[in-house]
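>>> here are the coordinates; sequence isn't available:
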């Protein structure tokens, strides 16, 4: 099972949805990075269950513990190991699903691949494991801000059929003022009502998260196979429920002429989304990530069981009806890990050019 991510900066993820802990080991950080534990906890609070429109009612404190790699509030250069206890697990809720493959979930494919599966909330396939990714990503964000003045922010720009016009032209500082993390209040209120209606109906909704990396210098990215956009796309597709990623004008660019799509000199456009030829070009990195609707719904569905029979299934328990608001800090964390990784990889070129 592939549980390690990154090149110069690596994240190793461990834990299950209903095990005692979820956690991560972040390796490759340079020494001397100031660790702001309040900032890390705030990022975890933004992701934790029970927060945001459509969130699961599973309760987790998500109080993290760093057990290595930090001394006197700074990184030492050793691996940073993060532990987050699972305190709100209720594995008994999943006993009746032991022999049923939930539609849209990884139940069937995990069992086909490994010959065994953890049916308690999906085990490793659960989004619960992303809590430690957020903690690790918060550390990466501290590094990027301290050494490069690079910041990362994501917003919810679409839920179901309600979309924000020109999301990258909005004032993103307003996104934290509502529970769906959309920077336009009127659009946010429509989104909230849509999520409430889906929740009441036992259904779920998907949507789009828009992400921006500010102040990223030109030169990050390792063509041909470790392009910056390729690594960012891989990071996004590692997040549960992600079905699509586009940079800049993305799929829309396929309908344009070259004269319309090229970012020409002297024009204030960013159709490439800040990445050209797999390398950051000095403009803001901008991309969209599409999330499918949550698969666990209480509406009756047809499902296969372990005897290859079709039976009806209504999933009960504590599930998100819309993951978008809680996925915002996850998207930011994974983006920061990729940018920090490429920042560290880029040091080899700086050293060669400066002789240091």
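Happy to help now that I have it. Every value quoted in this text rests on a predicted model; they were computed, and no experiment measured them.

>>> Give me the below-cutoff pLDDT ranges for the stretch 201-350 of the chain.
Low-confidence segments of the stretch 201-350 of the chain, defined by pLDDT under 70, are absent.

>>> what about the strands in it?
207-214, 242-247, 275-276, 279-280, 285-291, 301-304, 310-313 (DSSP state E, counting those that start in this stretch).

>>> Listing partners with orientation, what would you give for the fourth one?
Counting by DSSP bridges, the strands paired with strand 279-280 are strand 275-276 (antiparallel).

>>> returning to that earlier point: is it possible to get a markdown table of the strands of the stretch 201-350 of the chain that adds mean neighbour count and distance to residue 82?
C-beta here means a position set from N, CA and C on the backbone, and glycine is covered the same way. Putting the strands of the stretch 201-350 of the chain into a markdown table (neighbours: other Cβ atoms under 10 Å; distance: least, Cβ to Cβ, whole Å) gives the following:
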| stretch | mean neighbour count | distance to residue 82 |
| --- | --- | --- |
| strand 207-214 | 23 | 23 |
| strand 242-247 | 18 | 23 |
| strand 275-276 | 21 | 29 |
| strand 279-280 | 21 | 28 |
| strand 285-291 | 24 | 24 |
| strand 301-304 | 15 | 35 |
| strand 310-313 | 12 | 35 |
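
>>> and those strands as a markdown table, adding distance to residue 233?
Listed next are these as a markdown table, based on distance: least, Cβ to Cβ, whole Å:
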| stretch | distance to residue 233 |
| --- | --- |
| strand 207-214 | 12 |
| strand 242-247 | 5 |
| strand 275-276 | 10 |
| strand 279-280 | 14 |
| strand 285-291 | 8 |
| strand 301-304 | 30 |
| strand 310-313 | 33 |
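
>>> tally of neighbours for the closest residue to residue 201 other than its chain neighbours?
Spatially, and ignoring its direct neighbours in sequence, residue 201 is nearest to residue 299 (7.3 Å; Cβ to Cβ, 6 or more residues apart in numbering). By the criterion of other Cβ atoms under 10 Å, residue 299 has 11 neighbours.

>>> By residue count, tell me the biggest helix in this protein.
Criterion DSSP state H: the longest helix present in the chain is helix 324-354.

>>> Report the inter-axis angle for that helix versus strand 242-247.
Calculated by axes from the mean of the first three to the mean of the last three Cα atoms, to 10 degrees, helix 324-354 forms an angle of 50 degrees with strand 242-247.

>>> relative orientation of helix 324-354 and strand 285-291 in degrees?
Going by the same axes, to 10 degrees, helix 324-354 makes 140 degrees with strand 285-291.

>>> Now do helix 324-354: which elements does it pack against?
Contact partners of helix 324-354 among helices and strands, from 3 or more Cβ pairs under 8 Å, 6 or more residues apart in numbering; DSSP states H and E: strand 4-6, helix 37-47, helix 130-148, strand 151-159, strand 207-214, helix 228-237, strand 285-291.

>>> Which one, of these, ends up nearest to residue 74?
helix 130-148 (10.6 Å; Cβ to Cβ).

>>> Need the mean per-residue confidence for the closest one.
For helix 130-148, mean pLDDT rounds to 98.

>>> which secondary structure elements does that helix contact?
Checking 3+ Cβ pairs under 8 Å, 6+ apart, helix 130-148 ends up next to strand 10-15, strand 21-27, helix 37-47, strand 80-85, strand 151-159, helix 324-354.

>>> re earlier: tell me which residues in the longest helix of the chain are buried?
324-346 (16 or more other Cβ atoms under 10 Å).
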